[in-house]
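K.L.:
can't give you the sequence, but here's the structure:
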């Protein structure tokens, strides 16, 4: 059962990040945008059973919960903490379970490396993350998760920073959120 080490505000006023003392996963992200999508995940399903919860994202030692903007955070945080404390801690996976991006084409590999080093750590610190969906010709598509999914900062400033970084690899690249 994970213990909550800290509760942090995020740049998204509708999302809060719970920092845990034990791992929920080992590098595998879990993102749910609805109770239907969360039905097979006991932790996410329990969180969606709480009124006003609209998104659940967790990875490693943190979980971000987003609400609809109608709830009082101090009250909601107390309700959210109960299922988190009752969740099962993760079992460390076998070493060969990690994914590899060695097959990426060189431009995509270089962009992924830049984002992994310069953008994703900041997003994770704020309770979110991003995934590269693809690179077709000069269009890089990404998807935001957690607090970043509905945050105005990620849809403006962060997206601009991602585009600027990608253009250091290829000057004509455009970035789109899906």
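P.N.:
Great, that's in hand. Values in this document were obtained by computation on a predicted structure and should not be read as measured data. Numbering: from 1, shown residues only.

K.L.:
what's the helix or strand of the chain with the lowest mean pLDDT in contact with?
P.N.:
Least confident helix or strand, the chain: helix 152-153 with a mean of 78, by mean pLDDT, DSSP states H and E. Contacts to helix 152-153, defined as CB atoms under 8 Å, 6 or more residues apart in numbering, come from residues 11-12. Glycine gets a C-beta too; all of them are placed from N, C-alpha and C.

K.L.:
How far off centre is that helix?
P.N.:
In terms of CA atoms, centre = their mean, to the nearest Å, the centre of helix 152-153 is set 15 Å apart from its chain centre.

K.L.:
how's the chain carved up into domains?
P.N.:
4-86, 106-177 (automatic domain parsing).

K.L.:
what about the longest one, how long is it end to end?
P.N.:
Right, the one you point to is domain 4-86. Start-to-end span of domain 4-86 (CA to CA, to the nearest Å) is 11 Å.

K.L.:
From the chain's centroid, how far away is it?
P.N.:
11 Å.

K.L.:
Could you do the last one as well?
P.N.:
With CA atoms, centre = their mean as the basis, the distance from the averaged C-alpha position of domain 106-177 to the chain average is 13 Å.

K.L.:
What is the end-to-end distance of that domain?
P.N.:
Start-to-end, domain 106-177 (CA to CA) is 22 Å.

K.L.:
Where does the prediction get shaky in this structure?
P.N.:
For the chain, the stretches with pLDDT under 70 are 91-104.

K.L.:
50 instead, please
P.N.:
For the chain, the stretches with pLDDT under 50 are 96-100.

K.L.:
So which residues of it form strands?
P.N.:
Counting by DSSP state E, the chain has strands at residues 4-9, 15-20, 30-32, 53-59, 62-67, 128-136, 139-146, 174-177.

K.L.:
other SSEs contacting the third one?
P.N.:
Translated: strand 30-32. Using 3 or more CB pairs under 8 Å, 6 or more residues apart in numbering; DSSP states H and E as the contact test, the elements touching strand 30-32 are helix 42-48, strand 53-59.

K.L.:
do you know which of the ones you listed lies nearest residue 26?
P.N.:
Closest approach to residue 26 among the helices and strands packed on strand 30-32 (CB to CB): strand 53-59, 9.3 Å.

K.L.:
Run the angle between that closest one and strand 139-146 for me.
P.N.:
100 degrees (axes from the mean of the first three to the mean of the last three CA atoms, to 10 degrees).

K.L.:
Report the buried residues of strand 53-59.
P.N.:
Across strand 53-59, burial judged by 16 or more other CB atoms under 10 Å covers 53-59.

K.L.:
Relative to that strand, what are the paired strands and their orientations?
P.N.:
Next to strand 53-59 in the sheet, as set by DSSP bridges, lie strand 30-32 (antiparallel), strand 62-67 (antiparallel).
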